[in-house]
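Visitor: Sequence and predicted structure below; questions after.
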Amino acid sequence: MPAKYDLLLKGGTVVDPSQKLNTPRDVAVQGGKIARTAQNIPAEEAAQVVNVRGKIVTPGLIDIHAHIYEAVTNNGVNPDVAGVYAGVTTVVDAGSAGCDTFGGFPRFIIPQSQTEIICFMHIARTGLARTPDIQGPGDVNLDATLQAVERYRPYVRGIKARMVSPALEIMGIEMPRLAKRAAKESGIKLMVHIGDTEKRYPADIIRELLPILEPGDILTHFFTANPGGVLDANGKLVPEAREAKDRGVWLDTAHGRMNFAFDIGKRILDQGLLPHCISTDLTVPGRQRTVHSMTEMMTRFLGLGFTLDDVVTMCTLNPAKALGEENRLGTLGTGRQADISVLEIRDGDWEVVDVVGGKLRVQKAVVPVLAVKRGQVFTAQWGPRPWGWEPDPASK
Ligand SMILES: [Zn+2]
């Protein structure tokens, strides 16, 4: 008799905020979908049984801001290194490609990747193939962007804009306005990077930017220490930040190489404005030094005092909703796509860093064990960093 299920994850603790579950459960998968979540599903009913006793079983992790245009942009990480081999089932590329360079994603990157890829198209024509991204007003072409979104619509969920110099010096607030127009006319979202990494543009640009964002749009680098972040000169939240959250703008902390500081984060959290998503903004150089993986972001937020349920929410249910994919991703509900992460909370002496020299010493690290993508099992390869860890000098 053929087995009832293709795969059974047996003996784990399911943490699925979409169903308010944090309890021992087995998870059965059939035909790439979640077939059943229950206690004591018999092992004989499955063709493949994986013992996950002592492990946490969550909906597949979603990294809503990373850079995975490998070999096209010089900072692009291999999508499966950011994805399934780090316990992550879906990765968003946040603006590595613009209208002139997007075609390589469906042709060369997406078909070769086991990890699901969702893209935001950069408002700059060549995306991040060249830095700075915008060097003159001709680097933004609204019509060409609209046409490219139309052509590649199945892959594109939004437009990305970066509030950095020299783009802001050249175009000012017109730049994010044009990006918003491209998003709106295409019926997709806008994701905006805040924090002028060149530290040249007036910081209060944030107060002009935030009102441009509509419900469903995404603010990324919520904890940046660079000019243009959500805190004013006195460390108080600008009023527009709370207003944005109240009307349904998603707040994402995207770490990266230059835009995450524990001090800024703590000040924001003290004022009660919590992030929805905690993405990596992973890049090749960043991965060697400042931010290693999605599970490392989970470790950071456990270290900041968030509960495991909150942390899982911020990398499953919330990003699924922010992407408009909550009916397919971010849940272990029966009948949904079988995207599952198996994680371990490991006791030890671990280190997580920020980008301004801050360090947090933590006793619990989230370690990726497995990713299940549409029912297929991948063993994770990347774990946490021990306290006292030093970057490889060759990577600088
Ligand atoms: Zn980024």
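Guide: Sure, I can see it.

Visitor: Looking at this protein, which residue is nearest the ion?
Guide: Per Cβ to the ion, Asp281 is where the chain lies closest to the ion, at 4.2 Å. To be clear about C-beta, it is placed using only N, CA and C from the backbone, and glycine gets the same treatment.

Visitor: Count the residues that sit near that residue.
Guide: 26 (other Cβ atoms under 10 Å).

Visitor: just Asp133 next, same as before
Guide: A count of nearby residues for Asp133, using other Cβ under 10 Å, gives 24.

Visitor: Kindly report the same for the one 4 residues further on.
Guide: The criterion is other Cβ under 10 Å. On that basis, Pro137 has 13 neighbouring residues.

Visitor: wait, what's in contact with it?
Guide: Ile170, Met171 (Cβ atoms under 8 Å, 6 or more residues apart in numbering).

Visitor: Tell me how far it lies from Val91.
Guide: 32 Å (Cβ to Cβ, to the nearest Å).

Visitor: do the same with Phe120
Guide: To Val91, Phe120 is 12 Å away according to Cβ to Cβ.

Visitor: likewise Lys184?
Guide: Counting by Cβ to Cβ, the gap from Lys184 to Val91 is 25 Å.

Visitor: okay, those two: which has more neighbours?
Guide: Using other Cβ under 10 Å, the more surrounded residue of Lys184 and Val91 is Val91, with 32 against 14.

Visitor: if we can go back for a sec, show me the contacts for the residue of the chain closest to the ion.
Guide: Neighbour list for Asp281: His65, Ala66, His67, Ala94, Thr220, His221, Ala254, His255, Gly256, Arg257, Asn259, Val291 [criterion: Cβ under 8 Å, 6+ apart].

Visitor: 10 Å instead?
Guide: When the contact criterion is Cβ atoms under 10 Å, 6 or more residues apart in numbering, the partners of Asp281 are 63-67, 94, 193, 220-221, 252-260, 290-291, 297.

Visitor: Wait, Asp93 touches Pro106, no?
Guide: No: using Cβ atoms under 10 Å, Asp93 is not in contact with Pro106; the gap is 11.9 Å.

Visitor: anything in the helix or strand of the chain with the lowest mean pLDDT near the ion?
Guide: Lowest by mean pLDDT, DSSP states H and E among the helices and strands of the chain is helix 284-289, with a mean of 88. No: using Cβ under 5 Å from the ion, helix 284-289 stays clear of the ion, coming no nearer than 9.0 Å.
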